[in-house]
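J.: Could you work out the structure for the sequence below:
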Amino acid sequence: MSTIKIPAMPIRLRDPVHRQPGCWYVQNSRMLHHLDERTVDAMARQSAMAMYHAGEFLQEAGEPMSSVTFINSGRVKVYRTSREGKQQTIAILGPGDAFGEIGMVDSTIQDLYVEALEEVVVCRTSRDAFLGLASRDPALALRLAEAMGEKLHDARERIADFAFRDVHGRVANLVLAFLERERRLTSDPALDRIRTGLSHRELADMIGTRRESVTLALNTLERDGVIRVEDRQLIIIDAQALREAAEG
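T.: Numbering: from 1, shown residues only. Predicted structure coming up:
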């Protein structure tokens with residue numbers, strides 16, 4: 001089985017892994033679920049798999065977002081840096097997630113970093129190839145629009161966070177978002193623990209506050225019996241109380 005590399009893509013493909021028809025398919029990816037078989041075959045022919053180790057960049061500022069990248073395994077951190085060099089974490093993505101959709105309509109976006117938090121296997125389809133497939137398959141075009149709509153919804157949620165929630169509520173809402181995402185990815189609605197892989201400072205960057213405030217809020221949630229911190233995991237003891245804290 002040979003590895004096919006996408007030409008004219010300013011992306012370093014490291015440690016190529018196997019590629020075969022359908023290997024691009026990402027479990028739990030709503031964008032790629034139940035597509036026409038011809039679209040599946042075409043994407044398999046025009047995609048490339050790659051592996052990255054922890055700390056390596058899948059995307060760096062200054063590079064155009066010229067592909068859609070689907071995460072098969074592992075987690076990545078999406079962030080940007082300010083003029084002062086301060087890092088602002090935007091999202092943590094894992095299996096089933098994708099990034100680069102916004103580049104389909106605006107290829108000039110060049111201020112984002114995407115860094116592997118652990119060993120990551122991804123599948124990439126170039127911008128031109130993906131748009132060509134979407135133009136021939138209405139279902140894929142609809143999924144692309146839905147994915148971009150979800151990103152817009154997430155951005156609005158972040159704005160609402162800043163406007164209507166205090167720091168305690170923002171932290172609770174962030175923990176709840178991580179929990180619901182992990183439950184969706186694992187298809188386990190009873191999952192009660194999460195591993196963010198982020199420092200308190202990075203969590204603070206995501207909700208626009210200080211590291212000390214995040215630590216205080218997490219300590220309060222633990223003291224109130226809502227969560228427990230154990231082996232770098234957050235164990236959710238009372239999910240309903242967590243929701244109430246997020247809404248309060």
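J.: Bridge partners for the residue most central in space within the chain, pull those for me.
T.: Centroid-nearest residue in the chain, with CA atoms, centre = their mean: residue 93, separated by 2.1 Å. Beta-bridge pairing for residue 93 (DSSP bridges): residue 76.
J.: ok, it - contacts?
T.: By CB atoms under 8 Å, 6 or more residues apart in numbering, the residues touching residue 93 are 71, 75-78, 99. All C-beta atoms are positioned from the backbone trio N, CA, C, and that covers glycine.
J.: Mind putting these into CSV with distance to residue 195 and neighbour count?
T.: Formatted as CSV, the contacts of residue 93 follow (distance: CB to CB, whole Å; neighbours: other CB atoms under 10 Å):
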residue, distance to residue 195, neighbour count
71, 16, 23
75, 9, 20
76, 14, 27
77, 13, 19
78, 18, 18
99, 20, 24
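J.: Please parse this structure into its domains.
T.: Under the assignment automatic domain parsing, the domains of the chain span 30-152, 165-247.
J.: can you list those domains in a markdown table and add mean pLDDT?
T.: Output for the domains of the chain, formatted as a markdown table (pLDDT from 0 to 100):
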| stretch | mean pLDDT |
| --- | --- |
| domain 30-152 | 80 |
| domain 165-247 | 86 |
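J.: circling back: between the contacts of residue 93, which is nearest residue 229?
T.: residue 75 (19.2 Å; CB to CB).
J.: The closest one and residue 243: what is the separation?
T.: 24 Å (CB to CB, to the nearest Å).
J.: ok, which stretches of this protein are helices?
T.: In the chain, the segments counted as helices under DSSP state H are 37-45, 127-136, 138-164, 167-186, 200-207, 211-223, 239-247.
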